[in-house]
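Asks: Fold the following, please.
(one chain, ligands or ions: 1)
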Amino acid sequence: MSHPKYLAASAFFCLSLFVGCSEDLSAQERAQERRQWIDAATPVSDDPRRVPREPGPSGPDGSVVLRGGRVFDGTGAPARDATVVIERNRITAILPPSSSQWPTGAQVIDVSGKTIMPGLIDLHTHLTYSEPDTPAEEAGDDSAATLRAMERMRYYLESGITSVRDVASMGFVPFRLKSWVQQNRIVGPRIFAAGQIITGTGGHGAEGLWRARCEHSSPGAIREASGPDDWREAVREQFKRGADLIKLASHYSRDEVQAAVKEAHALGLKVTVDAETFYIQWAVEAGVDSVEHPLPRTAETIRLMARKHVDSVPTLVPYIYIFDLDGGYFDSTSRRFSFSKDANFAMFRRLKSAGVRLGVGTDLVANWFRYLPQAYITELQQFVAGGYSVPAALVAATRTNAEILDVDDKLGTLTPGKLADVLVINGQPDVRLEDLAKIALVIRDGRIVVTDGRITIPPHVPVPEPKPKGAAQ
Ligand SMILES: [Zn+2]
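Replies: Predicted coordinates for the structure are as follows:
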């Protein structure tokens, strides 16, 4: 692992054998440390839990070759002319334009004049939340929640978003969808799910005054907890469902957030937090891995985030919509401060200049997913306005997001050996961000799932009827 956090943790692990425990910041337990127990030759699941799997081929039969395009590989290198070779569900080679060293029988697609790049990742989604006009009887209904997610997954995938980190959804729905997408029984992005938000009684998402509004939009997605033991139990409940990470929200006491973070890290799960004010400081001290939203935080907290390599997913775009559509953020008893669009953008710049690693997430609640792909592009445009180059914004959306998800060994760049989540764009998005809207092809897990901007589902392959027993073969 190249992540400085992991190196620091490993270095301390060795050192601590000799000098014992200290207050060193790197002493904190990390979810990634679980990786040391997996033999490098053992195949593991394609998610941060790295569950060992039986060896054997995965992905579709055959090979796909994307020839004649310019490759923006997500590593930070400039785009170059090259050919991408995909075998089953893996990228196996990036060839110079003159080479044709691909397997015989490969499906060769001419992508001349187009850009090939890694699939985008959205680190902040809620696949199941209801919309403002959702009928009350559907809001808390698992079957309606599943259908809402199915509709949303189409928007994400057709926008080139091949992975989503779902940071609160109803019940088992995100886990069932994840499994069906993995099995290729339905078409959608990869789902990395947190399960429910864990919050204090009456905390964010479960506020008293806001209760009717919150329960309408996110029923079943909030787990109120009280006391360190219950916070620990709430983490285990999400783990039991299959969580890929844990999402906490204020409010909490120091010992509650410490208990939850310690338990999650022991289970190999990263923790992200949706909090504000001193709660962020407490969460960062407790060892969370990332902080959502551009919510107010002090200079001291920002310094500590940078020092402890705590990431931030600023999600500027939903707050732009909140201010533009509602005029502000009102009536929440858990957001006990006021803020503005300008203050949020200033927070983004402060985080960036402090050296905090920033990921890309859109938090498209209500009906804002209907603004895709522009909603995602708007978030990236904020990154550019805040000092990123256009290519650097795309690296944040791909490689950095994979690092924050703890799946950068499998996703995020076009590198031989990684999973084949690949986009072909009718344009040069590394030059003009707006070109990201011109999706020609989306390949997820080695399968072409979007052609000419729309989801493509191959015809089903019928299974022959069984022959009566004793019939001639
Ligand atoms: Zn959210």
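Asks: rest of the way, CA atoms for contacts and neighbours
Replies: Noted.
Asks: Pop the domain breakdown of the protein in here.
Replies: 4-37, 63-118+417-455, 120-405 (automatic domain parsing).
Asks: pLDDT of the last one, averaged?
Replies: Averaged across domain 120-405, the pLDDT comes to 93.
Asks: End to end on that domain, go ahead and measure it.
Replies: Length of domain 120-405, first residue to last, C-alpha to C-alpha, to the nearest Å: 13 Å.
Asks: ok, back up a step: need the domains of the chain in JSON lines with distance to Gly56 and mean neighbour count, can you?
Replies: Below are these laid out as JSON lines (distance: least, C-alpha to C-alpha, whole Å; neighbours: other C-alpha atoms under 10 Å):
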{"stretch": "domain 4-37", "distance to Gly56": "21", "mean neighbour count": "14"}
{"stretch": "domain 63-118+417-455", "distance to Gly56": "12", "mean neighbour count": "20"}
{"stretch": "domain 120-405", "distance to Gly56": "15", "mean neighbour count": "21"}
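Asks: Just the strands from the stretch 201-350 of the chain, written as ranges.
Replies: For the stretch 201-350 of the chain, the strands defined by DSSP state E, counting those that start in this stretch occupy 222-225, 245-249, 270-274, 290-292, 311-313.
Asks: closest one to Ser45 among the domains of the chain?
Replies: domain 120-405 (10.4 Å; C-alpha to C-alpha).
Asks: and of the domains of the chain, who's closest to Pro466?
Replies: That would be domain 120-405 among those, by C-alpha to C-alpha, at 22.5 Å.
Asks: Make TSV out of the strands of the stretch 201-350 of the chain and add distance to Pro78.
Replies: Shown next, in TSV, are the strands of the stretch 201-350 of the chain (distance: least, C-alpha to C-alpha, whole Å):
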stretch	distance to Pro78
strand 222-225	43
strand 245-249	32
strand 270-274	31
strand 290-292	29
strand 311-313	25
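Asks: With Asp255 as the reference, name the closest of those.
Replies: Taking C-alpha to C-alpha, strand 222-225 is the member of the strands of the stretch 201-350 of the chain nearest to Asp255, at 12.5 Å.
Asks: and that closest one, which strands flank it?
Replies: strand 197-200 (parallel) (DSSP bridges).
Asks: export the strand it pairs with as CSV, just CAs?
Replies: The C-alpha trace of strand 197-200 is given here as CSV (Å, rounded to 0.1, in the frame of the first residue of the first chain):
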residue,chain,number,x,y,z
ILE,A,197,-26.5,6.0,9.6
ILE,A,198,-25.7,5.6,13.3
THR,A,199,-26.6,8.7,15.3
GLY,A,200,-27.4,9.8,18.8
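Asks: Please work out which residues outside it touch it.
Replies: 167-168, 205-206, 221-226, 231, 234-235, 246-252 (C-alpha atoms under 8 Å, 6 or more residues apart in numbering).
Asks: Try it again at 10 Å.
Replies: With contact meaning C-alpha atoms under 10 Å, 6 or more residues apart in numbering, strand 197-200 is reached by 167-170, 204-207, 220-227, 230-232, 234-235, 238, 246-253, 256-257, 260, 272-275.
Asks: Go through the domains of the chain and name the closest to Pro468.
Replies: Once those are compared by C-alpha to C-alpha, domain 120-405 is nearest, at 28.9 Å.
Asks: Would you confirm that Phe172 contacts Phe239?
Replies: No. If you go by C-alpha atoms under 10 Å, Phe172 and Phe239 don't touch, sitting 11.6 Å apart.
Asks: can you give me the helices for the stretch 301-450 of the chain?
Replies: When assigned using DSSP state H, counting those that start in this stretch, the helices of the stretch 301-450 of the chain occupy the ranges 316-321, 341-354, 374-385, 390-395, 401-405.
Asks: May I see those organised as CSV, with distance to Arg454 added?
Replies: CSV is the format used below for the helices of the stretch 301-450 of the chain (distance: least, C-alpha to C-alpha, whole Å):
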stretch, distance to Arg454
helix 316-321, 24
helix 341-354, 34
helix 374-385, 16
helix 390-395, 22
helix 401-405, 24
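Asks: Relative to Tyr279, tell me which of these wins on proximity.
Replies: Of all the helices of the stretch 301-450 of the chain, helix 341-354 comes closest under C-alpha to C-alpha, at 16.5 Å.
Asks: Packing partners of the closest one?
Replies: helix 299-307, strand 311-313, helix 316-321, helix 374-385 (3 or more C-alpha pairs under 10 Å, 6 or more residues apart in numbering; DSSP states H and E).
Asks: Now for Phe172 and Phe239: what residues contact both?
Replies: Shared contacts of Phe172 and Phe239, defined by C-alpha under 10 Å, 6+ apart, comprise Gly195.
Asks: quick one: which of the helices and strands packed on helix 341-354 is nearest Tyr129?
Replies: helix 316-321 (14.4 Å).
Asks: residues making contact with the closest one?
Replies: Contacts for helix 316-321 (C-alpha under 10 Å, 6+ apart): 293-295, 324-329, 339-342, 344-345, 347-348, 360-366, 368, 375-383.
Asks: again, only this time at 7 Å
Replies: Pro294, Lys341, Thr362, Asp363, Leu364, Ala375, Thr378, Glu379 (C-alpha atoms under 7 Å, 6 or more residues apart in numbering).
Asks: How far off centre is it?
Replies: Taking C-alpha atoms, centre = their mean, to the nearest Å, one finds the center of helix 316-321 at 18 Å from the center of the full chain.
Asks: where do the helices sit along the stretch 51-200 of the chain?
Replies: Under DSSP H, counting those that start in this stretch, the stretch 51-200 of the chain gives helices at 136-139, 142-158, 173-182.
Asks: out of these, nearest to Arg35?
Replies: That would be helix 173-182 among the helices of the stretch 51-200 of the chain, by C-alpha to C-alpha, at 22.1 Å.
Asks: Quick one: list the elements packing against that closest one.
Replies: Counting contacts by 3 or more C-alpha pairs under 7 Å, 6 or more residues apart in numbering; DSSP states H and E, helix 173-182 is packed against strand 190-193.
Asks: let's see 8 Å
Replies: Here helix 173-182 touches helix 142-158, strand 190-193, going by 3 or more C-alpha pairs under 8 Å, 6 or more residues apart in numbering; DSSP states H and E.
Asks: from the chain's centre, how far out does that helix sit?
Replies: For helix 173-182, the distance to the chain centre is 15 Å (C-alpha atoms, centre = their mean).
Asks: Return it as CSV; C-alpha atoms alone will do.
Replies: C-alpha atoms of helix 173-182 as CSV (Å, rounded to 0.1, in the frame of the first residue of the first chain):
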residue,chain,number,x,y,z
VAL,A,173,-32.0,-2.9,0.1
PRO,A,174,-28.4,-1.6,-0.8
PHE,A,175,-26.9,-5.0,0.1
ARG,A,176,-29.4,-7.0,-2.0
LEU,A,177,-28.8,-4.6,-4.9
LYS,A,178,-25.1,-4.9,-4.5
SER,A,179,-25.3,-8.6,-4.7
TRP,A,180,-27.5,-8.7,-7.7
VAL,A,181,-25.3,-6.2,-9.6
GLN,A,182,-22.3,-8.3,-8.7
